[in-house]
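Peer 1: Just to be clear, the model below is a prediction. Sequence and coordinates:
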Amino acid sequence: SALARLSRYASPAAFRAAESSLRDRSGLVRLGALQILDAAPAPERLALVAPLLGDSMRAVRQGAAWELAPLADSLAPPDRRAFDRAAAEFVASQRYNADQPANLLTLGTFYTQRGRDDSATAEFRAALRLAPDYAQSYPGLAARWRAQGQARAADALLRALRPPAR
């Protein structure tokens, strides 16, 4: 939990703590270290996180896939294959709980990081269909629509979140 809390303070000291913790025997420690590396520069994140794509703990593999999602196209072929396996595990774990809007939002965000805009849009829409009051889904869908040149639709969607004027 200390590593997870340290993730809020990106600094060289935090990155050093994460780097040494990535080799810890405890999977929970390795998972906490991954959270710190979210703010690490891309080259360091690639080098430090890619080995965890084959970790013995499923949650660590999935965490590594999450951290590397925006960078996966830069991975060397063996690491890319490991990423694809870990990403498939990550997606399957989110699909297992797809009756929860938070999991659909997580999938939408993951697909956005991967550049899979159509899949991201579908997940954000599914979250809104499942739970129209789940406000966290609106910004994700609005961002997708803006990226597709649908600024008016995005603005209208976000306006729907505002309480009516009194």
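Peer 2: The structure has been received and is ready for your questions. Predicted model, so just to flag it, every value in this text is computed and none were measured.

Peer 1: need the contact list for R30.
Peer 2: Taking C-beta atoms under 8 Å, 6 or more residues apart in numbering, we find R30 in contact with S21, L22, R23, D24, L52, D55, M57, V60. To be clear about C-beta, it is placed using only N, CA and C from the backbone, and glycine gets the same treatment.

Peer 1: For it, which non-adjacent residue is closest in space?
Peer 2: Leaving aside its sequence neighbours, R30 sits nearest to V60 (C-beta to C-beta, 6 or more residues apart in numbering; 5.0 Å).

Peer 1: any idea whether that neighbour is helix, strand or coil?
Peer 2: helix (DSSP: H, G, I helix; E, B strand; the rest coil).

Peer 1: how many other residues sit next to it?
Peer 2: Neighbourhood size, V60 [other C-beta atoms under 10 Å]: 23.

Peer 1: P51 is in contact with that one, correct?
Peer 2: No. Judged on C-beta atoms under 8 Å, V60 makes no contact with P51 at a distance of 10.4 Å.
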